[in-house]
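**Student:** Just the structure for this:
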Amino acid sequence: AAWYIAPVINIWFNWLNYMPIPKGINQVGKALIMMLADQTIGATVITIGFFYAFELFQRIIPPYGLFTGSFLSAGLQSTKNNLWLTLVANWYCWPVINFVNFLWIPLQYRVLFSNTAAVFWNMFLSSVANRKV
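**Tutor:** Just a heads-up that it's a prediction; the model follows:
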């Protein structure tokens, strides 16, 4: 997950930091707008990407062997089975964490802060990605 999530989050946080915000919005408002964009667009796209990346790595890292089956069809199935459950769980913890992140943490430390907060989230994500439906 780290091979996928950390680089994507870095790009995403940089984009959020420089996305157009209407003039006159204070720092709290900017953090709120960034959090809302993160929890709608970002959470959905990054989570779907995670399921595909997980299926790809399952096929290229032992014990599964090299390229056993299509990771694309497996990623689609994993997304269909797990996206809603994962997004709902995401909305229980990440809005507050990322609001704090966007409001008080300097840009260069946001990925570190997020990855620290993600230790337990990644355990949950791994259990969801590995569950048999």
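**Student:** pLDDT score assigned to residue 12?
**Tutor:** For residue 12, the pLDDT comes out at 97.
**Student:** Give me the distance between the spatially most central residue of the chain and residue 85.
**Tutor:** For the chain, the residue nearest the mean C-alpha position is residue 46 (4.3 Å; Cα atoms, centre = their mean). Counting by Cβ to Cβ, to the nearest Å, the separation of residue 46 from residue 85 is 15 Å. C-beta coordinates here come from the backbone N, C-alpha and C atoms, glycine included.
**Student:** tell me which element the closest residue to residue 97 other than its chain neighbours falls in.
**Tutor:** Using Cβ to Cβ, 6 or more residues apart in numbering and skipping the chain neighbours, the partner closest in space to residue 97 is residue 117 (4.8 Å). Using DSSP states H and E, the element containing residue 117 is helix 107-130.
**Student:** ok, and what's touching that helix?
**Tutor:** By Cβ atoms under 8 Å, 6 or more residues apart in numbering, the surrounding residues in contact with helix 107-130 are 1-2, 5-6, 9-10, 13-14, 17, 50-51, 54, 78, 82, 85-86, 89-90, 93-94, 97-98, 101-102, 105.
**Student:** Mind giving me the ChimeraX select for these, buried ones only?
**Tutor:** The following ChimeraX line selects those of these that are buried, judged by 16 or more other Cβ atoms under 10 Å:
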select :5,9,13,50,51,54,78,82,86,90,94,97,98,101,102,105
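**Student:** In helices, which of the contacts of helix 107-130 appear?
**Tutor:** Counted as lying in helices by DSSP state H, out of the contacts of helix 107-130, are 2, 5-6, 9-10, 13-14, 17, 50-51, 54, 78, 82, 85-86, 89-90, 93-94, 97-98, 101-102.
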